[in-house]
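J.: Just need the structure, nothing else, for what follows:
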Amino acid sequence: MKSRSGYGFDDDRGRPVDGSFSFPAYEIFRRSLPQFSDIVAFAENQFTVTAGGTSDLAFGHYVSGNYFTGLGAQTLIGRPILPENDNPSNAGVAVLTYLYWNRRFSADPAIVGRVIQVNRQSVTVVGVMPPSFQGLMPGRAVDIFVPMSMVPATAPPYYSLAPDYWWVQIFARLRPGASEETATAAVEATLAHHIESYAGTAAPSSNLVKIVLEPGTRGVGLLRRSIHTMYILAAVSGLVLLIACLNLANLLLARHAARNREIAVRVSIGASRWRLIRQMLTESLLLASMGAAAGLLLAVPMTRLLLGFLAGTTPLGLDAHLDARVLGFTLAVALLTAMLFGAAPAWRATRAGSVSGLKSTPSIAAGRGPRFLVGRYLVSLQIALSLLLVVGTGLFLRTLMNLAAVDLGFQADRILTFQTDPEKTGYKPAQAGEIYRRLEERIAAIPGVEAVGMSHLPLIGGVTTNGRVRLPGDSKGNLTWFLDCSDSFLSVAKIPILVGRDFNRADFDRPVPSAIVNETFVKRYLPGVSPIGRISYPPGWGAKDKASEPFTIVGVVRDAHYRGVRDAVPPTAYVPYAYRAPGDSRMVFMIRARIAPMSLVSAVRQAVAAVDANLPVAEMRTEREQIDRSLGSERMFATLVTMFGAIALVLAAIGIYGVMAFSVARRTPEIGIRMAIGAQRGDVQWLVLRQSLSLAALGVFVGIPSALELTSLVSKLLYGVKPNDPISLIGAVMVMIAVAGLAAWIPARRASRIDPMVALRNE
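T.: Numbering: from 1, shown residues only. All right, here's what the predicted structure looks like:
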């Protein structure tokens, strides 16, 4: 079970966050809550790992000593972090994930016992986890685990072990026999007492301390955020499977009808109805098994494709592979579909009487009985279901087009980005500014570099920092997002200055720092007045951590996206990085190039190494690549739904073709008579096409109301388009009608070429 807190206490130093706790609270929970058999804690962080003379940034977790034992996780080699590693004197150990061990250390089997540097602290690698283990944050590739006891030596200040700093994620295993209600009440009471003990106030009321126990099987991160998306993908896959099954049932109906004479002969010589049904079900099972086998062969490459689209701006590290559960599920689905969609055709085929079935040729009225109407209705149902997927394809393609057309507010072409963090290499906060200045000078001197700028976060895909800004006459404060940057950042990104001026070097030395705000800030907080010169007070912000330190607005810039393409631009203040609060010294360099940005990679790495070979260089990519990655989930959805829609269209076309071809074959005598009494080829072609279009019309008639109802379920995934978008609906209808016409064209041509004399002789 994962414990999540939603609680309203706040102070000047730390604020509890929904889903997080303080480390002392975790320790109290472990000692005081017998309702849980195990309680484990972890927190994410970025580390500088130095090994073999090189440094890189690694994403990792601080974990409690019982983390691995509490989760029941076993190492691939070596041992896990143990409870004795909670002692600071035994804290210098680390466990690697399989992917990081393979990527960074070339899967060296002698890695156990090797000493590496983590944020300038020596640690011994004691184990490597198997590929299937990625911790409690699936969907974000973890590289390394270190004990929580290493926080004081390696973590930024906001990862304090003080009781009023809330940053630890807690998972707890409910003890057998304990109820969730009792456990929830115990956690709430313990937490309230803990708050009272360090806050010096009365215990908060019940509406201020609220604990919700949630299933921990999904962990935190991508899988929790994407569960709605996964359900939609499962529903789309189920629709395609249903369409395929309907197609198979329809083809089996036609096939069994064609075998009517054979079945009658078997019955006449003594075969029982149950024996015939078993034979036909066996044939259905064989077809389903062949389909399942083909699906399993495609599963691995398709899974890799899906994970590639899901990755977005961060590596996933998910270990998706075929195992006994996948094979068992596939086998169960194959058996179920074969039984469900093969039983009805088998039952109907064996209902034919032996005398009527022994007729040598079909009658003129063949193809018009109830069994053939069932086949046509199944085709119409296929078209209705296919229409749903085609409408979804249109919606997601339009969403992707709308996102790609969003005005980002900056020029992303010919920009190379990377990030580094001097403090994690051992530099003091006061030294980081000098390192950045030297890096800027070195990189700017590279041939082909036009300009260099820095910001605390990438323009697209960053997790922003927010705070409340108080303007003159305002006591409440206004929520504002901050982006710490260099004086050249706005010019490198080519974010236009609308009012006032850009930063200059003097802004980094002024006692009252300067700030530049965006359009949204002015429209929301300073409408109708000149923003230049306005003094703002962000509480607790500033290098000296004063209660309030003012900054002066010197300019207004155009709105630019830096959280994501889909997100609305929030009120934003750009501030000199020299005045930032201490703790996280990471900076993202933006290099505007005169040539292809990726051709500068080697030179940039050499420039960084010339300043300090231990400085890590991470996530070097172009800004355009960063934007494309931020649209990974939308592109994945558009691609997958388009692929499923195409499969559905092919299946619907096969169904229509099969029904029309079978109908033409059964109605050959009728068509011969029509042509003998004067019907033209065009008339016969229209006869067949009209039947196909009537099936499509019935499917569209059923499918449109269903699409209008069901597309509302994907409204959260759309951008710039409504679920009942008329363009997508009309386009889907036109596509379905065109597919129906094309699928029936070959049988229609075949029907128009029937020789009347041959047809009449057969009758």
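
J.: longest strand of this structure?
T.: When the chain is scanned for its longest strand (criterion: DSSP state E), the result is strand 36-51.

J.: Sheet partners, orientation included, of that one?
T.: Sheet pairing of strand 36-51 (DSSP bridges) gives strand 54-63 (antiparallel), strand 115-118 (antiparallel), strand 169-174 (antiparallel).

J.: TSV for these, including distance to residue 628?
T.: Glycine gets a C-beta too; all of them are placed from N, C-alpha and C. Formatted as TSV, the strands paired with strand 36-51 follow (distance: least, C-beta to C-beta, whole Å):
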stretch	distance to residue 628
strand 54-63	21
strand 115-118	32
strand 169-174	30
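
J.: among the ones you listed, which is nearest residue 152?
T.: strand 54-63 (11.0 Å; C-beta to C-beta).

J.: buried set for that closest one?
T.: For strand 54-63, the neighbour count (16 or more other C-beta atoms under 10 Å) marks 55, 56, 57, 58, 59, 60, 61, 62, 63 as buried.

J.: Residue 70: which of those residues is nearest?
T.: Closest approach to residue 70 among those (C-beta to C-beta): residue 63, at 9.7 Å.

J.: rewinding a little: could the buried residues of strand 54-63 go into CSV alongside distance to residue 239 and pLDDT?
T.: Formatted as CSV, those follow (distance: C-beta to C-beta, whole Å; pLDDT from 0 to 100):
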residue, distance to residue 239, pLDDT
55, 49, 81
56, 44, 83
57, 42, 83
58, 41, 88
59, 37, 87
60, 41, 91
61, 39, 93
62, 44, 94
63, 42, 94
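
J.: of all the residues you listed, which comes closest to residue 566?
T.: Of those, the one sitting nearest to residue 566 (C-beta to C-beta) turns out to be residue 59, at 23.4 Å.

J.: Just give the nearest non-adjacent residue to the closest one, would you?
T.: residue 143 (5.3 Å; C-beta to C-beta, 6 or more residues apart in numbering).

J.: thinking the one you found is in contact with residue 102, fair?
T.: No. Applying C-beta atoms under 8 Å as the test, residue 143 and residue 102 come out as separate, 10.9 Å apart.

J.: Which one's more surrounded, the two?
T.: residue 143 (23 against 14; other C-beta atoms under 10 Å).

J.: So that one versus residue 104, what's the distance?
T.: According to C-beta to C-beta, to the nearest Å, residue 143 and residue 104 sit 8 Å apart.

J.: Residues in contact with both of these two, list them for me.
T.: Residues touching both residue 143 and residue 104 by C-beta atoms under 8 Å, 6 or more residues apart in numbering: 49, 58, 96.

J.: what residues are up against the first one?
T.: Meaning residue 49. Shown in contact with residue 49 (C-beta under 8 Å, 6+ apart): 55, 56, 57, 58, 104, 116, 117, 118, 143, 144, 616.

J.: quick check, residue 95 in a helix?
T.: No. If the criterion is DSSP: H, G, I helix; E, B strand; the rest coil, then residue 95 is strand and not within a helix.

J.: What are the boundaries of the helices in the stretch 1-150 of the chain?
T.: 23-32, 67-71, 98-105 (DSSP state H, counting those that start in this stretch).

J.: Tell me which of those helices is the most buried.
T.: helix 67-71 (a mean of 21; mean count of other C-beta atoms under 10 Å).

J.: Residues contacting that one, please?
T.: So helix 67-71 is contacted by 38-42, 64, 75, 80-83, 95, 136, 145, 171, 173 (C-beta under 8 Å, 6+ apart).
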